[in-house]
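S.K.: Test case, fold it:
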Amino acid sequence: MHAALPVLVPALFAATLALDNGLMRTPPMGWLAWERYRCDIDCDNDPKNCISENLFRDMADRLSEDGWRELGYVYVNIDDCWSSKQRDKQGRLQADPKRFPRGIKDLARYMHDRGLKLGIYGDMGTYTCGGYPGTPLDKIQIDAQTFAEWEVDMFKYDGCYSNATEQEQGYPLMSKALNATGRPIGYSCSWPAYQGGLPPKVNYTQLGEICNLWRNYDDIQDSWNSVLNIIDWFFGNQDALASAAGPGRWNDPDMLVIGDFGLSMEQSRTQMALWAIMAAPLFMSNDLRTISSGARNILQNKMIISINQDPMGIQGRRILKEKSGIDVYWRPLSKNASALVFFSRRDDMPYRYRTSLSKLNYTTGSYKIFDVFTNKAAALKDSTEFVVPVNPSGVVMWYVSAPAAPSRRHYKRARFQGSADDGENGDPLVVL
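M.R.: Next comes the predicted model:
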């Protein structure tokens, strides 16, 4: 345990600085409309897929009836384009009466009756990104109170049509306003994404004091190129980002697009695995009414979810970037366990990656390995060389339990080398 203390102490200290609303002690999970449905408001021609109360009720039904809720997927989040173009006579936001005839409060109660929670969207500018009424500085108090009266459980605060000065004032003010309502409302900030995502412009200590999660980078798109860009940005900047995460305060690389149109099954496993390594919020944006069994199995993988939801809340890191196109990622977990991911950037054929746990900085001992996608288990000594076959753009993900903690050397800067998989010393002892 002594090797783990230098990692745990900073994490525990930082946790004392987290937003004091008691929420989201593990990364939040659920469903979010934006990537799959955007601002589709054409309910006359496409009633099943437009942004309306029926869409969110349908997704709530699927979450509550198809096994998602029991796994932790409990939020159903409305994004942009839900409101009327005008505030009401009292200056309050109001839902578009044509698409939400029963109102947001009724929709929230529909969620609550099914053991779910409702999230809603706003923007600091005069307008939202989609051109609907925003929540500028002078509207923060009334809108926070409105959301509380509607029994909303989460609020995402975007930053279109606002400037840096307004953001510096508005994001802390909204945090105070939400807390002042007396209703527990999880708070998602987009502030870092509008400031380049990195220190010194972004003060992650302050963010942890006012927000439960925050968008750091660009919006995800339904494509492998988009997912890979996000992976590269987050792990390329892991030294600045990883320490910001912890119980109640999470870096948010954006939605899971598994089950949509742009990712293969291998790429879908990669997104799920690396979002778990990042301790990322798991918000699906897909159609749960028609999702394939393959995508469902990935998203409902209990072991990956348990890794993502580990109560220590330490964000993982990339520890190797090999010349062969294989990256290795590691995350420390509770009970002296860890998660390992072997990811192939190659696009030609499956690659046989050769290494040992000792080469990955694990301490001396015998380890139990569980492959989270194949459900195969094995015992492995730290010194035993093994080969992991990794498919192009795919991953192999292990849950590693052992009597000894992984070395704290993992938390040094990622190393770039080509020696671990050269295969020059004969056949390995184990193929996993």
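
S.K.: those helices in the chain, which residues are they?
M.R.: Listed in chain order, the helices of the chain (DSSP state H) span 5-15, 34-37, 53-65, 103-113, 140-149, 164-180, 204-210, 224-236, 238-241, 265-277, 293-299, 302-308.

S.K.: now those helices as JSON lines including distance to Asp371?
M.R.: Where C-beta positions appear, they are placed from N, C-alpha and C, glycine not excepted. What follows is these, written out as JSON lines (distance: least, Cβ to Cβ, whole Å):
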{"stretch": "helix 5-15", "distance to Asp371": "25"}
{"stretch": "helix 34-37", "distance to Asp371": "29"}
{"stretch": "helix 53-65", "distance to Asp371": "28"}
{"stretch": "helix 103-113", "distance to Asp371": "36"}
{"stretch": "helix 140-149", "distance to Asp371": "43"}
{"stretch": "helix 164-180", "distance to Asp371": "41"}
{"stretch": "helix 204-210", "distance to Asp371": "34"}
{"stretch": "helix 224-236", "distance to Asp371": "21"}
{"stretch": "helix 238-241", "distance to Asp371": "25"}
{"stretch": "helix 265-277", "distance to Asp371": "11"}
{"stretch": "helix 293-299", "distance to Asp371": "14"}
{"stretch": "helix 302-308", "distance to Asp371": "9"}
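
S.K.: Pick the most deeply packed of those.
M.R.: Among those, ranked by average contacts under mean count of other Cβ atoms under 10 Å, first place goes to helix 265-277 (a mean of 24).

S.K.: Now do that one and helix 224-236, the angle between them.
M.R.: 30 degrees (axes from the mean of the first three to the mean of the last three Cα atoms, to 10 degrees).

S.K.: Tabulate the CA atom coordinates of helix 265-277 in CSV.
M.R.: Extracted in CSV, the C-alpha atoms of helix 265-277 (Å, rounded to 0.1, in the frame of the first residue of the first chain):
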residue,chain,number,x,y,z
MET,A,265,-17.7,-2.6,-32.9
GLU,A,266,-13.9,-2.5,-32.2
GLN,A,267,-14.0,1.3,-32.1
SER,A,268,-17.0,1.2,-29.8
ARG,A,269,-15.2,-1.0,-27.4
THR,A,270,-12.3,1.4,-27.5
GLN,A,271,-14.4,4.4,-26.7
MET,A,272,-16.1,2.6,-23.8
ALA,A,273,-12.8,1.3,-22.4
LEU,A,274,-10.9,4.7,-22.6
TRP,A,275,-13.9,6.6,-21.2
ALA,A,276,-13.7,4.2,-18.2
ILE,A,277,-10.0,4.8,-17.8
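
S.K.: Residues contacting that helix, please?
M.R.: Under the criterion Cβ atoms under 8 Å, 6 or more residues apart in numbering, residues 224, 227, 231, 253, 256-259, 263, 282, 294-295, 298-299, 301, 304-305, 307-308, 315-316, 329-331, 339, 341, 343, 372-373, 391-395, 397 lie in contact with helix 265-277.

S.K.: Columns distance to Arg249 and mean pLDDT on top of the helices of the chain, output as JSON lines?
M.R.: Converted to JSON lines, the helices of the chain look like this (distance: least, Cβ to Cβ, whole Å; pLDDT from 0 to 100):
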{"stretch": "helix 5-15", "distance to Arg249": "8", "mean pLDDT": "34"}
{"stretch": "helix 34-37", "distance to Arg249": "22", "mean pLDDT": "98"}
{"stretch": "helix 53-65", "distance to Arg249": "25", "mean pLDDT": "98"}
{"stretch": "helix 103-113", "distance to Arg249": "24", "mean pLDDT": "98"}
{"stretch": "helix 140-149", "distance to Arg249": "20", "mean pLDDT": "98"}
{"stretch": "helix 164-180", "distance to Arg249": "12", "mean pLDDT": "98"}
{"stretch": "helix 204-210", "distance to Arg249": "4", "mean pLDDT": "97"}
{"stretch": "helix 224-236", "distance to Arg249": "16", "mean pLDDT": "98"}
{"stretch": "helix 238-241", "distance to Arg249": "12", "mean pLDDT": "98"}
{"stretch": "helix 265-277", "distance to Arg249": "17", "mean pLDDT": "99"}
{"stretch": "helix 293-299", "distance to Arg249": "24", "mean pLDDT": "98"}
{"stretch": "helix 302-308", "distance to Arg249": "15", "mean pLDDT": "98"}
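
S.K.: Quick check: which of those helices is nearest to Glu385?
M.R.: Checking these against Glu385 by Cβ to Cβ gives helix 265-277 as the closest, at 23.1 Å.

S.K.: So what's the gap between that closest one and the chain middle?
M.R.: 11 Å (Cα atoms, centre = their mean, to the nearest Å).

S.K.: got it, and stretch 377-390?
M.R.: 29 Å.

S.K.: swap in stretch 45-55?
M.R.: Distance of stretch 45-55 from its chain centroid, counting by Cα atoms, centre = their mean, is 26 Å.

S.K.: Of all the residues in it, which ones are buried?
M.R.: If you call a residue buried by 16 or more other Cβ atoms under 10 Å, then stretch 45-55 has these buried ones: Asn49, Cys50, Ile51, Ser52, Glu53, Leu55.

S.K.: Pull the most distant pair out of the residues you listed.
M.R.: Once Cβ to Cβ is applied, these give Asn49 and Glu53 as the farthest pair, at 13.4 Å.

S.K.: As CSV, the buried residues of stretch 45-55 with distance to Pro192 would be great.
M.R.: CSV is the format used below for the buried residues of stretch 45-55 (distance: Cβ to Cβ, whole Å):
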residue, distance to Pro192
Asn49, 31
Cys50, 31
Ile51, 26
Ser52, 31
Glu53, 32
Leu55, 29
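
S.K.: So which of these is the closest to Gly208?
M.R.: Taking those together and measuring to Gly208 by Cβ to Cβ, the closest member is Ile51, at 31.7 Å.
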